[in-house]
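Student: With the input below, show me the fold.
(2 chains)
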Amino acid sequence: MSSVGIVMLVHSALDRAEQVVRHWRAAGCPVVIHVDRKVPRPIFDAFRTACANDPQILFSKRHTCEWGTWGIVAASQSASEMMLETFADVRHVYLASGACLPLRPVQELIDYLADRPHTDFIESATTADVPWTVGGLDSERFTLRFPFSWRKNRFLFDKFVAFQRALGLRRDIPEGLTPHMGSQWWCLTRQTLSAILQDPNRARYDRYFRQVWIPDESYYQTLARQYSSRIESRSLTLSKFDFRGKPHIFYDDHLQLLRRSDCFVARKIWPRANRLYQAFLTEQSEAMKRAEPNPGKIDRIFAKAVERRTRGRDGLYMQSRFPRHGNENGLTSNPYSVFQGFTELFEGFEPWLKKATGMRVHGHLFAPDRVQFAGGDTMINGALCDNAVMRDYNPTAFLTNLIWNTRGERQCFQFGPGDTQSINWLVARDTNAQISVITGAWAVPLFRSNRNFADLRAEAARLQKIESEHLNILRSPLTKARVRIWTMAEFVESPMEPVQMIIDEIATAPTHRLTEAPKMVDLTGFGQFLQNLKNQGMHPYLMGDFPVEPDLVSQPRPLRKPYLVR
Amino acid sequence: MRLRRRRRLLRCLRKGRELSKVHDNTSAIKPGDVLLVSTIRNEKIRLPYFLKYYREMGIDHFLLVDNDSSDGTLEYLAGQSDISVWHTRHNYRRATHGVDWMNYLKRSYAHGHWTLVVDPDEFFIYPFCDTRPIQALTDWLEGSSIRSFGAMLVDVYPKGKLGDVPYQPGQDPLEIAQWFDSGNYSITKNPTYGNLWIQGGPRSRVFFADRPKKAPALNKIPLVKWHRKYAYVSSTHTLLPRGLNQVYEEWGGEKASGALLHTKFLDTFSAKAKEEVQRNQHYANSAEYHAYEKARQDLPDMWCKWSERYINWRQLEILGLMSKGNWA
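Tutor: Residues are numbered from 1 along each chain as shown, chains lettered A, B, ... in the order given. Prediction:
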């Protein structure tokens, strides 16, 4: 007979449980099975009859097991007692469930435990030090009472917890015990387990733990600390939990992962994962390397799954992720740059910027007539169209889609008061946005246009109003974007410094000095143009102070050298 | 809302009388079976592959409403032990586009079952659908106390003009229509029912570019652990009670979701559009079909440079159209 005994808790998929029992038995391990009392009698009887031909498969007294309650501990107690009494050779008792599956040949587990005859494998940590608990009940598990079922009577459960908190009701933890918690799947030595079960204080401890929340994660974990000479605080059963404390389930497609994990036992296996059962329950003849369990890769996959569920992918809006205002974790997926007034002030700014940075540089994406994609394209990644009606139907979705579709490549686009303004708050709140504004530059195209002055005046008034509202947003304390604002007069004074600064920030590669400056449009007479507007009663203030004298503005711009770093 | 739900349920009982049983194999439905409910009209050509696809996925029983097909659909469906068929000659539109009939069937037969409601041109995909049967999904949903599972419509279309390649019975429609739009969908929340309203994709781009508000809704919740008190309100877009519409996460994370590959755009499409315009029994006076009919004059090529070729569910998940959530 083997020195390892298996205590198995079963509540569903009895056919699978039987398969696994046979597997344990084939390696010589005696098995004591506890079947949940909720399993109907005829099904239980059939199961019992099926196992009757093997004297080393025993059935213990049945308890009702409900998640989070004492029943599960009571079940493992009865079964363990039976195991220790009946099978005197057993040195280690392994607690498993019907959904556990041995991944390595059982003999390897037996050898492994035989090499460590006095070691208890039980995950056991003090409540203060681990953030495992779900639902905010950690140390309170041990100091409150939980007479109501969490599954069936959530309302009363919550109310009763709140009630006890309000009244400051507390239970005393029995003297000498330090609450510990950990995975409920353990493997204990006969010494430790019998010490727990035969403790003179057991009645007192049981009475206490009966009212603890999820005692199966703390009963043995706490008591083992009292008696064990050597605790390895880890479970030999690979078992991962999701963010709600539900165990992750293994399917056929996890076969390779499980193989490579070198763990002895895994749970929980989907009962219909035929390939897994077939692969792991047939005799593995190839001599496995005697490796320590190494579930690293599985850990990563499940950690990623939890992160996806709780945080999600930044900047993604889709059918199952539509964050409320303020819960976006990143409004867009990638950094991008918005230029306001540059293309008006410089001739050929867009091609220049593209050359200088290598980014994708769009025109006015939110222009009223059509979307000005880079290179005059009518469509861009993700089949996003240049149709202005479709864009304006949901402008924020247009922008977030654009940034999501082109992730991996930084986007730059032009913006101005003539464009659809509905994205202003989104962009301003977005930490991915780099916004550079030359205020008042919208006047330059007006100045250069050949329109009636009355129209120009009206248009200038409209644009100034819009831009001023936009600036209010950009200066709001809620703005998270990287915003830089210059008045046009300021900017014209020394244009290359700000431009170099912006480019340095965008560029991923070590910045090369700008060798070629963008060419500014001829501003001769611009000051007079502004003065004319003023004379008509429309005060353009966003440009800053422009001198009226023409020669001062059209200063020796061509003579000035491009800004050089160092 | 409760009143609205009651109204829908009463209505489904009334409309349920319009159905007459043709092949009744419902006694074969076992507890825990996953059911599929659908309304079909003159789609015999699609049925062989449709049935094969969903049988392989693990659907245990099909509950089908035949809306007066004239192409021998009823005969084709006879003698298949996992299919039950009802027949009706009544008006599709007056039965809320078939919703009432299907609500009736689900109320009668699907209580306590995971139930998938799809059209014959919709192919349900979900995370790991290439390696795990649908029972793996429903078991997991059940274990996670989730009652409904969202799957957005993804329109797939062929490269080249519609009708260039004729569809053969039994053929995988994705062999012909295998392209889709990956990133032009817009979402708003419907405050009344709490579901998301998703629009966009190729149908919006090609047929509704000038009036995107009219573009068809793409949000769907096709898989539900049915209770006799539940009711679909319009197609499978909206459910009552409203909690079932909460298939999306609002606090930043991603819930698991799937997709319905919508293989409407085959060569069978133009005949269908013509018929539907004449019947005028579809949503918003068949506005959708009118738009198709108009555009059909010069048989559009919906394909564009940025169309993506469909490979598998992982591709859709990377593109952000569906999500594994915390299922791994």
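Student: could you pull out the helices for chain B?
Tutor: With DSSP state H, the ranges of helices along chain B come out as B:2-16, B:47-57, B:73-77, B:99-109, B:134-143, B:201-207, B:268-279, B:283-296, B:313-319.
Student: Which of those sits closest to residue B:39?
Tutor: helix B:99-109 (6.3 Å; CB to CB). In this view, the C-beta of every residue, glycine as well, is placed from N, C-alpha and C.
Student: Which residues does the closest one contact?
Tutor: If you take CB atoms under 8 Å, 6 or more residues apart in numbering or on different chains as the criterion, helix B:99-109 is touched by B:8-9, B:11-16, B:18-19, B:26, B:29, B:35, B:37-39, B:63, B:65, B:84, B:86, B:88, B:95, B:115, B:117, B:226, B:228, B:230-235.
Student: returning to that earlier point: dump the helices of chain B into JSON lines; add mean pLDDT and mean neighbour count as well.
Tutor: Listed next are the helices of chain B as JSON lines, based on pLDDT from 0 to 100; neighbours: other CB atoms under 10 Å in any protein chain shown:
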{"stretch": "helix B:2-16", "mean pLDDT": "88", "mean neighbour count": "16"}
{"stretch": "helix B:47-57", "mean pLDDT": "96", "mean neighbour count": "17"}
{"stretch": "helix B:73-77", "mean pLDDT": "91", "mean neighbour count": "18"}
{"stretch": "helix B:99-109", "mean pLDDT": "93", "mean neighbour count": "23"}
{"stretch": "helix B:134-143", "mean pLDDT": "95", "mean neighbour count": "20"}
{"stretch": "helix B:201-207", "mean pLDDT": "92", "mean neighbour count": "24"}
{"stretch": "helix B:268-279", "mean pLDDT": "77", "mean neighbour count": "16"}
{"stretch": "helix B:283-296", "mean pLDDT": "68", "mean neighbour count": "17"}
{"stretch": "helix B:313-319", "mean pLDDT": "96", "mean neighbour count": "17"}
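Student: Out of these, which is closest to residue A:102?
Tutor: helix B:134-143 (21.7 Å).
Student: does that closest one come close to chain A?
Tutor: Yes: using CB under 8 Å from any CB of the partner chain, helix B:134-143 reaches chain A at B:135, B:136, B:139, B:140, B:143.
Student: Dead centre of the chain: give me the residue that sits there.
Tutor: Picked chain A for this. In chain A, the residue lying closest to the centroid (CA atoms, centre = their mean) is residue A:307, at 2.2 Å.
Student: right idea, wrong chain: chain B
Tutor: residue B:118 (3.2 Å).
Student: And it, how close does it get to residue B:185?
Tutor: Separation of residue B:118 from residue B:185 (CB to CB, to the nearest Å): 20 Å.
Student: Give me the below-cutoff pLDDT ranges for the stretch 151-300 of chain A.
Tutor: Residue ranges of the stretch 151-300 of chain A with pLDDT under 70: A:283-290.
Student: Could you list the contact residues of it toward chain B?
Tutor: Residues of the stretch 151-300 of chain A lying near chain B (CB under 8 Å from any CB): A:242, A:243, A:244, A:246, A:248, A:249, A:251, A:252, A:253, A:270, A:272.
Student: and the residue of the stretch 351-500 of chain A found nearest chain B, how many residues sit next to it?
Tutor: Using CB to the nearest CB, the single residue of the stretch 351-500 of chain A nearest to chain B is residue A:382, 2.3 Å away. Burial measure for residue A:382: 21 neighbouring residues, criterion other CB atoms under 10 Å in any protein chain shown.
Student: Look up phi and psi at the residue nearest to it when sequence neighbours are not counted.
Tutor: In space, and not counting its chain neighbours, residue A:382 is closest to residue B:183: 2.3 Å by CB to CB, 6 or more residues apart in numbering or on different chains. In terms of degrees, to the nearest 10, the main-chain angles of residue B:183 are phi -150, psi 40.
Student: do you know how far residue B:183 is from residue A:387?
Tutor: When CB to CB is the yardstick, residue B:183 and residue A:387 sit 15 Å from each other.
Student: Just confirm the residue nearest to the centre of chain B contacts residue B:235, I think it does.
Tutor: No: the criterion here is CB atoms under 8 Å, and residue B:118 misses it with residue B:235 at 10.7 Å.
Student: Neighbours of the residue nearest to residue B:267 when sequence neighbours are not counted, how many?
Tutor: Spatial nearest neighbour of residue B:267, chain neighbours left out: residue B:163 (3.9 Å); criterion: CB to CB, 6+ apart. Applying other CB under 10 Å, we find 17 residues neighbouring residue B:163.
Student: if we can go back for a sec, now, among the residues of helix B:134-143 next to chain A, which is nearest to residue A:235?
Tutor: Residue A:235 lies nearest to residue B:143 out of the residues of helix B:134-143 next to chain A, by CB to CB, at 20.7 Å.
Student: Surely the closest one is in contact with residue A:245?
Tutor: No: using CB under 8 Å, residue B:143 is not in contact with residue A:245, being 11.8 Å away.
Student: In the stretch 151-300 of chain A, which residue sits nearest chain B?
Tutor: Per CB to the nearest CB, the residue of the stretch 151-300 of chain A with the smallest distance to chain B is residue A:253, at 3.9 Å.
Student: quick one, longest helix in chain A?
Tutor: Max-length helix for chain A by DSSP H is helix A:453-474.
Student: What are the contacting residues of it?
Tutor: By CB under 8 Å, 6+ apart, helix A:453-474 touches A:416-418, A:421, A:424-425, A:428, A:435, A:437, A:439-440, A:442-443, A:446, A:449, A:451, A:479, A:481, A:483, A:485, A:532-533, A:536, A:538, A:540-542.
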